[in-house]
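J.: Test case, fold it:
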Amino acid sequence: MLLARELRASGALYSHPVAYQARAEGHIYFYLERDDGGEPVPMRVDQVAVDLYRSSDGRTRQILRGLRRQELLPVKDFRYYIDRLTAVQNGFGDRISIGQGRDVRDVPHPLSTEGGSLYHYRTVDSLRLTVHSLPAPITVYEVEVRPRRDDVPAFVGSVYLEGETGALVRMAFGFTPASYIDERTDRIHVRLEHALWEERFWLPYRQEVEVRREMPELDLPVGTIIRAQLEVTDYHFQPEFGPDFFSGPRVTMVPYGTADSTAFREGLLDRMAEEGLSPVSMARLEAEARQIAREQLVSGLPKMRLYADRFSSVLRANRGEGVHVGMGTSFAPRPDLKLQGLAGYGFASGKPSATLRGRWSGDGGTATTVELFGYQMRDLGPRSGASGALNTLSTVLLNRDYSDPYFATGARFAVRHQPGGGAVSLHLGAAWEHFDGIDESWSAGLGSDGRQRALRPVGEGAFVSGSGGLTMRWASVPTWSVETGLTGTVGRWGGGGNTSIGARVEARMATQDITRQARVAVEAGASGGNLPHQLNFFLGGRGTLPGHPYRAYGGRRFLLARGEALLTMVPTWLTVRLLAGAGAVGATPGELADEWDAVSTGGLRGYVGAGLSTVHNILRIDGVWGLGDGSFELVLSVDQRLRPYL
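T.: Just a heads-up that it's a prediction; the model follows:
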């Protein structure tokens with residue numbers, strides 16, 4: 001470290017007496033990251049092509065030759081900070097800034113002359129690199145850097161240095177919370193790699209800057225990530241520069257979309273899978289930062305915020321609760337612990353609802369959750385008929401509630417483990433719940449009274465269960481993804497035991513430009529033993545078998561297959577949709593048939609349909625025909641990727 005700081009102070013570390021020009025190309029991905037570990041939701045992709053220049057006396061210049069983008073979801077138009085689009089040519093210099101100084105500003109570099117008084121250093125590993133043209137291997141040391149104080153702007157991470165010269169080979173780091181200027185910043189991670197050229201010059205090769213943000217006032221189950229990646233290649237040394245070449249601005253750029261496609265070596269969406277949206281375990285990155293920074297809070301967000309797990313937790317309406325309003329608070333006393341509380345009140349039911357949840361994130365991708373809940377609203381399965389927000393609109397405006405509500409009060413314990421990169425998820429859980437029915441149905445007073453279905457009398461009492469499951473996900477975004485899941489539950493109800501098992505497979509396919517897409521989903525389930533009526537499987541109508549009576553079919557076994565194909569006619573605004581599906585449910589208990597008028601399907605029942613969608617395929621209207629003795633049904637819906645937040 002002393003040699004590295006001496007080289008930086010003398011100017012030798014980054015001011016090699018070498019002039020060069022090089023070419024860089026990269027992508028900037030803007031996407032939603034889900035707290036539940038589900039597939040990320042891409043919103044915008046940018047691509048940049050840059051020419052890099054450096055003089056023998058250390059002056060630099062960059063020219064952005066190409067710049068283009070594509071929006072995948074509606075987002076506010078914005079421009080990225082210039083350093084999201086350009087290469088770091090000097091290892092960040094003596095002081096590190098990110099986002100043109102608006103994310104992080106003037107954080108002392110660990111290799112700067114003032115670094116010794118601000119940081120603790122520890123050599124934790126070494127590796128030997130063999131270069132065929134060199135007589136001996138190169139030794140590279142990993143030096144762990146941690147701040148002496150947690151309450152000042154500081155670097156947190158590792159630097160990798162060549163043993164003989166002290167030259168910078170690689171950096172992987174984040175920052176202390178005091179470093180963040182933008183109050184929306186949750187965390188920032190930077191990876192900077194250099195490669196050996198001409199057997200002696202360590203020059204920029206690859207960089208990645210990842211910025212995660214959330215609302216500082218409101219804790220929601222989703223955050224946004226900007227991941228900017230750039231790779232530098234095609235070095236040419238000692239080029240001839242004109243006398244005024246470096247006298248102009250250090251960065252010049254073309255407007256978006258003005259460069260032709262020859263400015264880029266790859267397509268705009270070509271690298272989304274392997275670089276932009278491949279599964280990344282943020283829990284692993286957080287654990288690495290905590291290990292270096294001890295117990296300091298690595299997030300820049302406030303410890304306490306308002307909290308809502310979805311829009312319908314704040315405001316919703318249904319037959320059971322009437323109009324329900326709620327809000328919560330979250331508190332993060334430590335980097336690995338978050339406490340969340342949510343409370344509300346249903347004006348028609350006269351019952352308060354409450355949820356208290358504690359979530360502990362351990363090393364290795366393990367998360368443990370303990371939850372207490374009272375009068376929590378539940379619905380039948382296997383699938384909901386509409387998102388919470390859309391069901392509220394339908395209930396209020398049309399007097400048509402697509403839920404079959406009942407209450408649950410109790411406690412739940414769950415452990416989820418996502419080893420490696422997060423493509424595999426294992427979960428175990430146990431719960432004690434008391435189910436309560438609803439005596440009187442609420443009506444909004446709008447729409448036809450004939451549209452309102454009668455409340456179904458649910459089984460009331462205590463239900464104890466244990467569950468386990470496995471989820472696996474493979475993806476090459478945006479062209480294909482496959483997700484499979486298997487879940488099993490054992491329980492006890494009314495003095496008798498019960499079991500259930502469920503499985504699903506979902507596949508998505510798309511052309512590289514995502515103008516043509518297809519999706520197929522197959523799910524099945526079976527149960528046995530003593531079960532309350534509401535834990536059977538129900539099919540029919542929107543969400544399962546549109547064009548057939550809503551949730552008219554129920555039983556202990558079900559199979560459901562659904563598919564859709566999409567063809568974009570006008571990007572952003574018009575997409576044609578084709579739909580088809582089939583399903584069956586059987587083994588209907590006699591009491592379920594008598595008390596709920598639920599019957600088996602008597603074999604497969606299917607549907608076909610066509611429709612249109614708009615606003616990046618978010619808003620959808622489909623006309624569906626139920627095959628056999630079904631009928632025509634008009635279905636309004638939203639993109640299922642957004643339903644968990646509504």
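
J.: how close does Arg620 sit to Met472?
T.: Per CB to CB, to the nearest Å, Arg620 is found 28 Å from Met472. To be clear about C-beta, it is placed using only N, CA and C from the backbone, and glycine gets the same treatment.

J.: Those two - which one has more neighbours?
T.: Arg620 (21 against 14; other CB atoms under 10 Å).

J.: So that one sits against Ala610, correct?
T.: No - taking contacts as CB atoms under 8 Å, Arg620 lies outside contact range of Ala610: 11.4 Å.

J.: what sits in contact with each of these two?
T.: Arg577 (CB atoms under 8 Å, 6 or more residues apart in numbering).

J.: Would you mind giving the domain segments of the chain?
T.: Domain ranges of the chain: 2-272, 304-458, 500-646, per automatic domain parsing.

J.: What segments of this structure are helices?
T.: 2-10, 115-118, 282-293, 311-314, 388-398, 590-596 (DSSP state H).

J.: Run through the stretch 251-400 of the chain and note the low-pLDDT ranges.
T.: 259-262, 273-298 (pLDDT under 70).

J.: Ends of stretch 154-172, what's the gap?
T.: Stretch 154-172 has an end-to-end distance of 14 Å (CA to CA, to the nearest Å).

J.: What are the buried residues along it?
T.: 154-162, 166-172 (16 or more other CB atoms under 10 Å).

J.: Stretch 87-102 now?
T.: Within stretch 87-102, the residues scored as buried using 16+ other CB under 10 Å are Ala87, Val88, Gln89, Gly91, Phe92, Asp94, Ile96, Ser97, Ile98, Gly99.

J.: how close does the closest residue to Gly494 other than its chain neighbours get to Gly495?
T.: Excluding its sequence neighbours, the residue lying closest to Gly494 (CB to CB, 6 or more residues apart in numbering) is Asn530, at 5.3 Å. According to CB to CB, Asn530 stands 7 Å off from Gly495.

J.: Among those two, which residue is more densely surrounded?
T.: Relative neighbour count places Asn530 above the other of Asn530 and Gly495, with 13 against 7, counting by other CB under 10 Å.

J.: Which residues are in contact with that one?
T.: Taking CB under 8 Å, 6+ apart as the test, what Asn530 contacts is Arg492, Trp493, Gly494, Gly495, Gly496, Gly497, Asn498.

J.: you'd agree the third one is up against Glu460?
T.: In this case it means Gly494. No - using CB under 8 Å, Gly494 is not in contact with Glu460; the gap is 10.1 Å.

J.: Overlap in contacts, those two.
T.: The contact sets of Gly494 and Glu460 overlap at Pro532 (CB under 8 Å, 6+ apart).

J.: Quick check: beta-bridge partners of Val159?
T.: Val143, Met171 (DSSP bridges).

J.: Give me the number of neighbouring residues for Arg65.
T.: 20.

J.: er, Val490 actually
T.: With other CB under 10 Å as criterion, Val490 counts 15.

J.: Surely it is in contact with Asn498?
T.: Yes - contact criterion CB under 8 Å: Val490 and Asn498 qualify, at 7.3 Å.

J.: any low-confidence regions in the stretch 451-600 of the chain?
T.: In the stretch 451-600 of the chain (pLDDT under 70), the answer is 451, 477.

J.: Try it again at 90.
T.: 451-454, 473-481, 495, 510-515, 571-572 (pLDDT under 90).

J.: Would you state the strands of the stretch 1-150 of the chain in chain order?
T.: 20-34, 41-54, 60-71, 95-98, 104-108, 119-129, 138-147 (DSSP state E, counting those that start in this stretch).

J.: do the stretch 451-600 of the chain as well
T.: Going by DSSP E, counting those that start in this stretch, the stretch 451-600 of the chain shows strands at 461-476, 480-493, 496-510, 516-529, 537-539, 553-555, 557-570, 574-586.

J.: ranking those strands by burial, who's on top?
T.: Counting by mean count of other CB atoms under 10 Å, strand 537-539 has the highest mean neighbour count of those, with a mean of 28.

J.: Just the residues contacting it, thanks.
T.: Contacts of strand 537-539 (CB under 8 Å, 6+ apart): 380-382, 525, 527, 544-545, 548, 551, 553-558, 560, 583-585, 598, 601, 605.

J.: For that strand, what is the distance to the chain centroid?
T.: 30 Å (CA atoms, centre = their mean, to the nearest Å).

J.: now do stretch 171-185
T.: 20 Å.

J.: Any buried residues in that stretch, and which?
T.: Residues of stretch 171-185 classed as buried: Met171, Ala172, Phe173, Gly174, Phe175, Thr176, Pro177, Ala178, Ser179, Tyr180, Arg184, Thr185 (neighbour count, 16+ other CB under 10 Å).

J.: What is the end-to-end distance of it?
T.: End to end - CA to CA - stretch 171-185 spans 21 Å.

J.: So for that stretch, mean pLDDT?
T.: Per-residue pLDDT over stretch 171-185 has a mean of 93.

J.: cool, stretch 222-239 as well?
T.: 92.

J.: which parts of that stretch are buried?
T.: Result for stretch 222-239 [16+ other CB under 10 Å]: buried residues Val222, Gly223, Thr224, Ile225, Ile226, Arg227, Ala228, Gln229, Leu230, Glu231, Val232, Tyr235.

J.: now, which of those lie within strands?
T.: Among the buried residues of stretch 222-239, the members falling in strands (DSSP state E) are Val222, Gly223, Thr224, Ile225, Ile226, Arg227, Ala228, Gln229, Leu230, Glu231, Val232, Tyr235.

J.: Which of these sits closest to Ser133?
T.: Tyr235 (15.6 Å; CB to CB).

J.: what sits against that closest one?
T.: Tyr235 touches Tyr20, Gln21, Ala22, Trp197, Leu203, counting by CB under 8 Å, 6+ apart.

J.: Look at the fourth one and say how many residues are nearby.
T.: Going back to what we said before, that points to Trp197. So Trp197, with other CB under 10 Å, has 16 neighbours.

J.: Write down the beta-bridge partners of it, one by one.
T.: According to DSSP bridges, beta-bridge pairing links Trp197 with Phe201.

J.: Pull the contacting residues for it.
T.: Leu203, Tyr235, Phe237.

J.: What separation do you get for it and Phe237?
T.: Distance from Trp197 to Phe237, by CB to CB: 8 Å.

J.: Show me the beta-bridge partners of the closest residue to Gly488 other than its chain neighbours.
T.: Spatially, and ignoring its direct neighbours in sequence, Gly488 is nearest to Ile501 (4.8 Å; CB to CB, 6+ apart). Per DSSP bridges, the residues bridged to Ile501 are Gly488, Ala526.

J.: What's the separation between Ile501 and Arg412?
T.: 20 Å.

J.: And for Leu85?
T.: Taking CB to CB, one finds Leu85 at 46 Å from Arg412.

J.: of those two, who's got more company?
T.: Taking neighbours as other CB under 10 Å, Leu85 and Arg412 compare with Leu85 leading, 23 against 20.

J.: Can you check the pLDDT for that one?
T.: 91.

J.: what do you get for the one 3 residues further on?
T.: Residue-level confidence at Val88 comes out at 93, pLDDT.

J.: What are the phi and psi values at it?
T.: Backbone torsions for Val88, taken as degrees, to the nearest 10, come to phi -90, psi 110.

J.: before we move on, the earlier item: which residue in the buried residues of stretch 154-172 has the weakest pLDDT?
T.: Among the buried residues of stretch 154-172, Gly166 has the lowest pLDDT, at 86.
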